[in-house]
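J.: Fold the following and give me the result.
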Amino acid sequence: MARTPRFIIPDEQAVYHVMSRTALEGCPMGDVEKDYLLSIIKKLSRLYFVEVIGFCCMGNHFHLLVRMFPYDHLADKEIKKRHVDFYGDERKFCEGHLPFYRQKWANLSEFIKEIKQSFSRFYNKRHGRRGFFWGERFKSVIVENGDTLINCLAYIDLNPVRAGIVKKPEDYRWNSLGYHAQTVNKDGFLSLDFGLRHFGKMTDRQRLRKYREFVYETGVMDTGTRTKIEQAVLEKEQAKDFELTRTDRFAYRTRYFTDSGIIGTKKFVQKNMQRFNWLFEPTKAKVPKRVGGLDGIYSLKRLSEKGNNNG
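T.: Here you go, the predicted model:
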């Protein structure tokens, strides 16, 4: 039986909700796997003609909400720059390949395929296995900007709440609200352009506050037997007018005290990194990472250890 053609709009901007599920039983993606999957998405989003609006990585599937741009989105000079930034000296840029890169990097299917293949290689190597990791081909839905988009994004961000993993979506670090709250949208990875006219004149901080308000109200209205945001949690956020306070941001930084490997002043981290340098892959120079929201504090964060197959 022939596959149903995928709905793709190739010659103009379009937003897609993408979903893909593993072929393995249970929830094979733990913390390390989710971190790696997110790192792949972030890395490839700098190469492809894409704007990531939202995401959620769960134990056995992931969601992406992305805005794809057409093949004529970038000038030739920018395409060459992206190629050089991404591949470095590994792959020489050829001017004659410009049409190929334009078509490939504007293609949703190519973007998702590269994410999934990169993750499969990582997972199989880490767990000493062969074969497929992902199930059937990914699903995608074209999403209209505006009210439809923000409802779809709320649905994605509420995944861990519905699963009973957390009470607040920001408490889950592998979704877009968690990323906004816990990293202050590091590297500008996520777009806050929802296509809503009344959001147009707002700052990013104001947009995030209004979006949080929408998510909490949507989460409380969630019906059926599945877990939803508790009324008491909603009321607490309402009292703060849905702002992420300094205290909130500090609370979301506390994972650095357990996950970062080394934490302290920049000088302290640099000094101790040298002591353990032999443990890490020599892919590129490691530098201390500033912990947002904690003045003067830096961390090693998560560096891949050679031969480490533990979660």
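
J.: center of this structure, which residue is that?
T.: Nearest residue to the geometric centre of the chain (Cα atoms, centre = their mean): Leu38, 4.7 Å.

J.: which element is that one on?
T.: helix 31-45 (DSSP states H and E).

J.: one step back: the residue nearest to the centre of the chain contacts Trp174, correct?
T.: Yes: counting by Cβ atoms under 8 Å, Trp174 is a contact partner of Leu38 at 6.3 Å. In short, each C-beta sits where N, CA and C put it, glycine included.

J.: Need the overlap of contacts for the two.
T.: By the contact definition Cβ atoms under 8 Å, 6 or more residues apart in numbering, Leu38 and Trp174 are jointly contacted by 55, 57.

J.: if we can go back for a sec, let me see the contact set for the residue nearest to the centre of the chain.
T.: 55, 57, 174.

J.: Just the buried subset of those, please.
T.: 55, 57, 174 (16 or more other Cβ atoms under 10 Å).

J.: correct me, but the last one touches Gly59?
T.: No: the pair Trp174 and Gly59 does not pass the contact test of Cβ under 8 Å, sitting 9.7 Å apart.

J.: if we can go back for a sec, where's the residue nearest to the centre of the chain relative to Glu114, distance?
T.: Leu38 is 15 Å from Glu114, where distance means Cβ to Cβ, to the nearest Å.

J.: so what's Asp241 up against?
T.: Per Cβ under 8 Å, 6+ apart, neighbours of Asp241: Arg209.

J.: Backbone dihedrals for it, please?
T.: phi 60, psi 30 (degrees, to the nearest 10).

J.: Next, the buried residues of the helix or strand that contains Gln238.
T.: Gln238 is part of helix 231-239, with elements assigned from DSSP H and E. Applying a neighbour-count criterion of 16+ other Cβ under 10 Å, one finds 233-234, 237 buried in helix 231-239.

J.: Show me what that helix is packed up against.
T.: Here helix 231-239 touches helix 204-221, going by 3 or more Cβ pairs under 8 Å, 6 or more residues apart in numbering; DSSP states H and E.

J.: what mean pLDDT does the helix it packs on have?
T.: Model confidence over helix 204-221, given as mean pLDDT, is 88.

J.: How about the contacts made by the residue lying closest to Val84 once chain neighbours are set aside?
T.: Using Cβ to Cβ, 6 or more residues apart in numbering and skipping residues adjacent in sequence, the residue nearest Val84 is Phe93, 6.3 Å away. By Cβ under 8 Å, 6+ apart, Phe93 lies in contact with 80, 83-84, 87.

J.: Provide a ChimeraX selection command restricted to the buried entries of those residues.
T.: Selecting only the buried entries of those in ChimeraX, with 16+ other Cβ under 10 Å as the criterion:
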select :80,83
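
J.: In helices, which of the contacts of Phe93 appear?
T.: Per DSSP state H, helices hold the following members of those: 80, 83-84, 87.

J.: Let me have these in CSV, extended by distance to Val161 and pLDDT.
T.: Below are these laid out as CSV (distance: Cβ to Cβ, whole Å; pLDDT from 0 to 100):
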residue, distance to Val161, pLDDT
Lys80, 43, 93
His83, 40, 94
Val84, 42, 92
Tyr87, 39, 91
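
J.: of the residues you listed, closest to Lys43?
T.: Closest approach between the ones in helices among the contacts of Phe93 and Lys43, by Cβ to Cβ: Tyr87, at 11.6 Å.

J.: Check the gap between that closest one and Leu98 for me.
T.: Counting by Cβ to Cβ - Tyr87 and Leu98 are separated by 15 Å.

J.: for the stretch 51-200 of the chain, what spans make up the helices?
T.: 76-87, 98-105, 108-127, 147-157, 159-162, 176-183 (DSSP state H, counting those that start in this stretch).

J.: gap between the third one and the chain center?
T.: Translated: helix 108-127. 15 Å (Cα atoms, centre = their mean, to the nearest Å).

J.: Identify the residues contacting it?
T.: 6, 8, 16, 18, 20, 28, 32-33, 36-37, 40-41, 44, 48, 50, 64, 66, 68, 104-105, 129-134, 138, 140, 309.

J.: With the first one instead?
T.: Helix 76-87 is contacted by residues 43, 46-47, 74, 91, 93, 98, 101-102, 105 when judged by Cβ under 8 Å, 6+ apart.

J.: That one versus helix 98-105: what angle between them?
T.: Inter-element angle recorded for helix 76-87 and helix 98-105: 60 degrees (by axes from the mean of the first three to the mean of the last three Cα atoms, to 10 degrees).

J.: can you give me the angle helix 76-87 makes with helix 31-45?
T.: 150 degrees.

J.: Then the last one?
T.: In this structure, helix 176-183 runs at an angle of 100 degrees to helix 31-45, with the same axes, to 10 degrees as the basis.

J.: For helix 176-183, enumerate the helices and strands it packs against.
T.: strand 50-57, helix 147-157, helix 204-221, helix 246-253.
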